[in-house]
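A.B. asks: missing the sequence, but the structure's below:
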């Protein structure tokens, strides 16, 4: 599954959802005392298993290897992964149509309700406000929007982060990618329709 992290990063780059050094993915296996996460500032088109940062989990805390550079969004990933009891991948990228739809004023969960090809397979949560990238505020707000419970379960599979990107969660990187793909597809349709969101 570590190989899939690099494969998904390359696919996101090919689709224009990230530039070369953007985006990040984490993975935690069931019962594992390790959180795998992509490194910061490296070209995501050349990510392979040997590049993944392996952070130890001890006494409920995360310990990246000395001298390593895990993603700047490590806090966000940890908030989503911390109490997870199964296998979970978290994918954070910047899909063009989703970000454009939020910038135009759309609430992603309202769009999703109108398109069964999304709502049937993907639970879309509320938009996250525009907050500084890599900040604790963004990490906490994203985890809250996903509906992270004390037992690690989630109410939603994906949320959008205004002026920034999305955070998608699934049992593996490719399934998390598919949540993004579905939502980006319908956001493209909505934008091309020229229909504007209803005023508040």
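C.D. replies: Sure, I can see it. Just so it is clear, the model here is predicted, and its values are computed rather than measured.
A.B. asks: Wait, a helix at residue 138?
C.D. replies: Yes - checked against DSSP: H, G, I helix; E, B strand; the rest coil, residue 138 lies within a helix.
A.B. asks: just checking, it touches residue 76?
C.D. replies: Yes - the criterion here is C-beta atoms under 8 Å, and residue 138 meets it with residue 76 at 6.3 Å. Any C-beta I mention is one placed from the backbone N, CA and C, and that applies to glycine too.
A.B. asks: Those two: which is more packed in?
C.D. replies: A direct count of neighbours by other C-beta atoms under 10 Å for residue 138 and residue 76 places residue 76 higher, at 27 against 23.
A.B. asks: Give me the spatial nearest neighbour of the more buried one, chain neighbours excluded.
C.D. replies: Nearest-residue entry for residue 76: residue 139, 3.4 Å, with adjacent residues in sequence omitted and distances by C-beta to C-beta, 6 or more residues apart in numbering.
A.B. asks: Enumerate every residue touching that neighbour.
C.D. replies: For residue 139, the contact set (C-beta atoms under 8 Å, 6 or more residues apart in numbering) comprises 73, 75, 76, 77, 78, 79.
A.B. asks: Over to residue 108?
C.D. replies: Residues near residue 108 by C-beta under 8 Å, 6+ apart: 98, 101, 102, 124, 125, 126, 127, 159, 160, 183, 187.
A.B. asks: Residue 186 now?
C.D. replies: 111, 112, 115, 117, 118.
A.B. asks: can you give me the strands in the protein?
C.D. replies: Applying DSSP state E to the chain gives strands spanning 24-28, 34-37, 53-58, 61-63, 88-93, 158-161, 165-170.
A.B. asks: Nothing else from me, thank you.
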